Structure formats: structure tokens, C-alpha cells
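Participant: any chance you can model this:
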Amino acid sequence: FLVPIPPFPGLHPSFSWCPSRLFLIPIPAFPAVKPRLDIELCPPQQNWTEGQEGTLNCSAKGTPEPRVNCSKDGHSLIPGSIRPVYRAHAGTYLCQATNELGTAELNVTVWVQRASGAGAPRGSGPLGIFGGFGLLGSS
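Facilitator: Purely as a prediction, here's the structure:
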């Protein structure tokens with residue numbers, strides 16, 4: 001929407017709505033909203049299984065649409081991307097949602113369990129040192 005804004009009258013006693021003196025400023029159709037990460041969109045605890053494909057689930061609400069990125073130990077991960085899971089993926093990720101109005105943050109813990117074996121899975125929990133996505137061997 002465009003709304004006409006009259007010029008300031010200044011010291012002049014008269015005020016006219018001359019079309020050549022009108023300014024148009026855009027007003028967004030929807031109100032702007034700061035980013036928000038909540039547990040329905042970005043669960044703070046997520047379970048993956050080693051050797052299978054895993055996806056870090058995290059999205060945000062806000063207007064304009066926030067950009068969401070998660071990182072662990074300096075390595076970035078785009079939420080929603082599918083990748084093979086290794087134990088080194090386990091740990092706490094800092095997820096950030098950003099738009100023009102600000103940034104929201106949430107820590108997400110990823111637990112990785114071994115695919116085979118009975119009882120308490122070896123290697124479960126946030127462990128290991130992250131070495132980069134897609135660059136890891138079988139660890």
C-alpha cells in the first residue's frame with residue numbers, strides 16, 4: 001500500500017495538498033515480526049541412528065521469512081539437509097534464525113545411537129569431536 005504524506009508546513013501559515021508536494025512511502029501488507037524458534041519447529045532434543053540418513057529439524061517463524069542456520073564446533077549445517085549419520089555428528093548445535101528485525105537462538109542436542117546391538121547403545125549421547133559434514137570416515 002502507498003500512503004500520501006504531506007510535506008511539513010514549516011514556517012508557512014498555509015498548508016496545501018498540491019500533488020507535486022506529496023511523498024509516497026511503502027507500507028508492508030503484513031506486519032514485520034521478529035524471528036522465533038520454538039520447540040515445535042526446532043526440537044531441542046533430536047535422535048539419529050548411526051549409518052542411516054539424518055536431518056537436523058529446525059525452522060522458524062517470522063516476517064519476513066527468517067533464514068535458519070545451525071553450527072557445531074565452527075561447522076555450519078543447513079537444517080533440513082539429509083546426510084549420512086556418524087557418531088561425530090552427536091553434540092549440541094547452536095541454531096540461529098535471522099531476519100531484518102533480529103536473531104533468535106536455540107541450542108539443539110543431537111543424540112546418535114548405534115544401529116545394531118542390544119541393550120544400552122554404545123556411542124549414544126552427544127560425544128565425539130565434530131570433523132565436518134560429509135568429510136568423516138566411519139568413526
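Participant: what lines up beside the biggest strand by length in the chain in the sheet?
Facilitator: Looking across the chain with DSSP state E, the single longest strand is strand 102-113. Using DSSP bridges, the strands paired with strand 102-113 are strand 45-49 (parallel), strand 91-99 (antiparallel).
Participant: need the CA coordinates for that strand. CSV is fine.
Facilitator: What follows is strand 102-113, C-alpha atoms only, in CSV (Å, rounded to 0.1, in the frame of the first residue of the first chain):
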residue,chain,number,x,y,z
GLY,A,102,16.8,-9.6,14.7
THR,A,103,18.1,-13.0,15.6
ALA,A,104,16.6,-15.8,17.7
GLU,A,105,18.9,-18.6,19.1
LEU,A,106,18.2,-22.1,20.4
ASN,A,107,20.6,-25.0,21.4
VAL,A,108,19.7,-28.3,19.8
THR,A,109,21.2,-31.5,21.2
VAL,A,110,21.6,-34.4,18.7
TRP,A,111,21.9,-37.9,20.1
VAL,A,112,23.4,-40.6,17.9
GLN,A,113,22.8,-44.3,18.6
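Participant: who's in contact with that strand?
Facilitator: 34-37, 42-50, 54, 56, 58, 60, 62, 66, 70, 85-87, 89-98, 121, 123-127 (C-beta atoms under 8 Å, 6 or more residues apart in numbering). C-beta coordinates here come from the backbone N, C-alpha and C atoms, glycine included.
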